[in-house]
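# take this sequence and fold it.
(one chain, ligands or ions: 1)
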Amino acid sequence: MNIGGVTKFTMLDFPHELAITVYAQGCNRTCDYCHNKGLIPFKPGALDWKEVWSMIVKRKDFISAVVFSGGEPTFQDDISESCSMVRSLGLKVGLHTNGEGSFLKDIEHLDYCLLSHPTNVKLQIIKSICNFIELSEVKWIDGKWENIKTLETDTPARMIRVSISALEQ
Ligand code: SF4
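Model prediction:
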C-alpha cells in the first residue's frame, strides 16, 4: 500500500472500537469539503505497508480494529491482502471509501464501512461483504432523513432507507 499517514489510536473512525487508521495516498475525486486534501494526489506516500504493519503488530493488544481510509484505499492493489493480514491478528477491519476503486471487488469481508457518494450498485457490493454500513451523506435525525438531496441521482432514497432499516434490525 502507498500510505500518506497513520493515526496511531482513535475512537472516532470505527464506532465503538479502538482503532489505528491507515490513510491511503491518492483519490480519484477532488471534493471541495475533503478533510484530507493532501492525500488526493496519486504520488508516493510517506509510509509503506511494511512500516505500518510493524506498527499494527506492536499495538495489536491495545486496539480492536484497523480502519483503511484516505485518500481512497480501494485504489491500492493490495488492499484485500492488507485487510486479511489485519484479520489474521484477530482485529476488526473498517473501510472508509467512495466505492470507486478497482480493487474494492477483491475485498472479501469488512466489519464496518463508511461509504461516501453512495449509489445502488456500490451499496449492493458493500452489503455483500459487510453488515455494518454508514452513509456519510445521509443522516437519520429525529425520524427524518436529512441531506437526501446531496445523494447522486442513481441512488433512490427508498433504497437507502431499506438498507439502513435492514442494518437497524
Ligand atoms: S472521496 Fe473522500 S478522500 Fe476523496 S476527495 Fe472526496 S472526501 Fe477526499
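# and the helices in this protein?
Taking DSSP state H as the test, the helices found in the chain are 49-59, 79-88, 120-127, 157-168.
# mean pLDDT lowest for which of those helices?
Ranked by mean pLDDT, those bottom out at helix 157-168, with a mean of 54.
# okay, the lengthiest strand in the chain in CSV with CA atoms only?
Using DSSP state E to define each element, the chain has its longest strand at strand 2-10. Written as CSV, here are the backbone C-alpha positions of strand 2-10 (Å, rounded to 0.1, in the frame of the first residue of the first chain):
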residue,chain,number,x,y,z
ASN,A,2,1.0,3.6,-0.7
ILE,A,3,0.2,5.3,2.6
GLY,A,4,0.1,9.0,3.3
GLY,A,5,-0.2,8.8,7.1
VAL,A,6,-1.5,6.9,10.2
THR,A,7,-3.5,7.8,13.3
LYS,A,8,-2.0,5.5,15.9
PHE,A,9,-5.0,5.5,18.2
THR,A,10,-8.6,6.7,17.6
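# run through the residues that contact the most centrally placed residue in the chain.
Central residue of the chain (CA atoms, centre = their mean): H96, 1.6 Å from the mean position. Contact analysis of H96 by CB atoms under 8 Å, 6 or more residues apart in numbering lists D13, V67, F68, S69, G70, P73, C113, L114, S116. Just so you know, the C-beta spots here come from the backbone N, C-alpha and C atoms, and that holds for glycine as well.
# got the buried residues for the longest strand of the chain?
Using 16 or more other CB atoms under 10 Å as the test for burial, strand 2-10 gives N2, I3, G4, G5, V6, T10.
# can you pull the contacts of G99?
Counting by CB under 8 Å, 6+ apart, the residues that G99 touches are T74, L115, S116, H117, P118, T119, K122, I125, I126.
# got the contact list for the closest residue to D78 other than its chain neighbours?
Of all residues not flanking D78 in the chain, M1 sits nearest, at 5.7 Å (CB to CB, 6 or more residues apart in numbering). M1 is in contact with V22, A24, D48, W49, V52, P73, Q76, D78, I79, S82, counting by CB under 8 Å, 6+ apart.
# so H117 sits against G101, correct?
No - the pair H117 and G101 fails to qualify as a contact (CB atoms under 8 Å) at a distance of 11.9 Å.
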